[in-house]
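> Make a model of this:
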Amino acid sequence: MGFSYFGEHQYWKHITRDERTFCAELYFTIKGNENKFIKWLKNNLSIDCITDDELAAEWEAGYEVCFYRDFIKVLGEKNGNRHIKKSDSKHSIKRTFDLCLFSEKKLLIFEAKSHKGFQAKQNKEFEKDAEAVQLLIGNHVDVCFIAIYPSTYLINVQKRGKIKSLPDIFKGRGFSWLQVNELAQNPMFIRADNCYNDNYSPSLL
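Down below sits the predicted model:
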């Protein structure tokens with residue numbers, strides 16, 4: 001029946017445009033099926049930072065990963081510091097990654113968008129993250145950033161004199177919520193894909 005205060009939309013899931021909600025759906029899709037997801041990334045999407053020998057490796061999925069805060073508290077920095085407030089300015093206590101996939105040799109960091117695109121200020125933060133994460137975990141682990149975005153985000157239309165493209169940190173690596181829905185059919189992934197242009201209908205969910 002739904003709730004009257006949401007009007008025709010009935011439920012919160014019909015209204016939300018929050019990437020965290022959509023990423024939570026994706027996390028629970030991946031959890032316990034990490035290797036299936038890794039194979040999909042490599043074989044279906046040609047994500048080139050995944051090697052053949054990593055397809056059968058052990059992987060762990062993480063959601064809303066507060067990487068700097070927890071890593072430094074438990075493992076410390078190379079100088080022995082375990083208090084992030086006393087840490088290098090590269091490490092933010094509030095910084096979280098939408099989704100992560102961890103393996104022995106690879107750290108995949110996923111940044112997701114739904115109702116908004118990637119912004120210039122945030123793109124600079126991604127560059128800082130790449131350096132800061134690498135400093136903490138060491139060069140023996142390859143850090144790879146992957147974008148998740150609405151399928152209409154990269155349509156080649158002129159806007160403010162530029163053609164939309166992914167920020168450089170992703171090196172072209174990414175996929176849409178619509179593609180995620182092809183992997184695991186879930187109306188919430190369709191919602192995530194549609195709310196960028198507010199192309200919404202309650203019948204979608």
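> Which secondary structure state is assigned to residue 63?
Secondary structure, DSSP: H, G, I helix; E, B strand; the rest coil: residue 63 is strand.
> show me where pLDDT drops low in the protein?
Within the chain, the stretches with pLDDT under 70 are 87-90, 155-164, 197-205.
> the helices in it, which residues?
Along the chain, the segments classed as helices by DSSP state H run 19-30, 34-39, 67-74, 120-137, 177-183, 187-194.
> So what touches the shortest one?
Judged by C-beta atoms under 8 Å, 6 or more residues apart in numbering, the contacts made with helix 34-39 from elsewhere in the structure are 29-30, 50, 54-57, 59-61, 101, 183. In short, each C-beta sits where N, CA and C put it, glycine included.
> cutoff 7 Å now
Around helix 34-39, the neighbours that count as contacts under C-beta atoms under 7 Å, 6 or more residues apart in numbering are 30, 50, 54-56, 59-61, 101.
> Just the CA atoms of it, as CSV, please.
The C-alpha trace of helix 34-39 is given here as CSV (Å, rounded to 0.1, in the frame of the first residue of the first chain):
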residue,chain,number,x,y,z
GLU,A,34,33.1,-11.5,-5.5
ASN,A,35,34.8,-13.7,-8.1
LYS,A,36,31.7,-13.7,-10.3
PHE,A,37,31.7,-9.9,-10.2
ILE,A,38,35.4,-9.7,-10.9
LYS,A,39,35.0,-12.0,-14.0
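> Please identify the deepest-packed of the helices of the chain.
Greatest average neighbour count among the helices of the chain goes to helix 187-194 (a mean of 22), per mean count of other C-beta atoms under 10 Å.
> that older thread, among the helices of the chain, which is nearest residue 91?
The closest of these to residue 91 is helix 67-74. By C-beta to C-beta, the value is 4.0 Å.
> And for the closest one, what's in contact with it?
81-82, 84, 87, 91-93, 95, 97, 133, 136.
> tilt between that helix and helix 120-137?
Counting by axes from the mean of the first three to the mean of the last three C-alpha atoms, to 10 degrees, helix 67-74 lies at 20 degrees to helix 120-137.
> follow-up on the earlier one: for my notes, please list the helices of the chain in CSV and give distance to residue 46 for each entry.
Formatted as CSV, the helices of the chain follow (distance: least, C-beta to C-beta, whole Å):
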stretch, distance to residue 46
helix 19-30, 19
helix 34-39, 12
helix 67-74, 27
helix 120-137, 21
helix 177-183, 12
helix 187-194, 20
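> Quick one: closest of the ones you listed to residue 167.
helix 120-137 (4.1 Å).
> residue contacts, residue 134?
residue 143.
> so how far is residue 50 from it?
18 Å (C-beta to C-beta, to the nearest Å).
> again, but for residue 146
10 Å.
> what's the answer for residue 193, then?
23 Å.
> same deal with residue 125?
For residue 125, the distance to residue 50 - C-beta to C-beta - is 24 Å.
> what's the answer for residue 142, then?
Applying C-beta to C-beta to residue 142 and residue 50 gives a distance of 10 Å.
> follow-up on the earlier one: give the PyMOL command for selecting the buried subset of the contacts of helix 34-39.
Buried members of the contacts of helix 34-39, defined by 16 or more other C-beta atoms under 10 Å, are picked up in PyMOL with:
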select buried, resi 30+50+54+59+61+101
